[in-house]
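Participant: here you go, sequence then predicted model.
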Amino acid sequence: MTPSRTHLLFVCVENSNRSQMAEAFARFHGGDVIKAHSAGSRPSGIINPNATTAMAQRGISLKSHHSKGLADLPPLEWDWVITMGCGDSCPNLPARHRADWALPDPRNMDPGDFNQVRDEIERRVVDLLQSIKQETNT
């Protein structure tokens, strides 16, 4: 019997930076026990080239990613919904667990500051995945 996957959803406003990077890190670090998605409350329709560059520096490609809205998501019961500093712009989606990571939008940041946000997202994703693995092992 295969254990069920934990369904994660990362939401920001444009789905072009923060939530895209979080989704990619969750897939990279989560293995086959995680099913990660991302969406935007007002999607921009593009992945920021700076996000693509920043993730490539970590060995992770965003080439298959695309900016999407909440209506584009599969009809799932979310185990976790993580909003990423979008405040009232992020709707309250039903989930077993929720968190808001108040992260600045790196869209117009210089590369050094952009990478600091990227690294903070990775740290938080890794911490979340460790918590999920501990929860499922108990």
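Facilitator: Arrived safely.

Participant: and residue 65, what does it touch?
Facilitator: 20, 23-24, 38, 47 (C-beta atoms under 8 Å, 6 or more residues apart in numbering). (Each C-beta comes from the backbone N, C-alpha and C, glycine too.)

Participant: okay, and which of those map to helices?
Facilitator: 20, 23-24 (DSSP state H).

Participant: columns neighbour count, pLDDT and distance to residue 96 on top of these, output as TSV?
Facilitator: Converted to TSV, these look like this (neighbours: other C-beta atoms under 10 Å; pLDDT from 0 to 100; distance: C-beta to C-beta, whole Å):
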residue	neighbour count	pLDDT	distance to residue 96
20	27	97	23
23	23	97	18
24	25	98	23
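
Participant: will you turn these into a markdown table that also has distance to residue 131?
Facilitator: Output for these, formatted as a markdown table (distance: C-beta to C-beta, whole Å):
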| residue | distance to residue 131 |
| --- | --- |
| 20 | 22 |
| 23 | 18 |
| 24 | 19 |
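
Participant: where along the chain do the helices fall?
Facilitator: Going by DSSP H, the chain shows helices at 18-30, 49-56, 111-136.

Participant: ok now the last one, how far from the chain's centre?
Facilitator: A distance of 9 Å separates the C-alpha centroid of helix 111-136 from that of its chain, computed with C-alpha atoms, centre = their mean, to the nearest Å.
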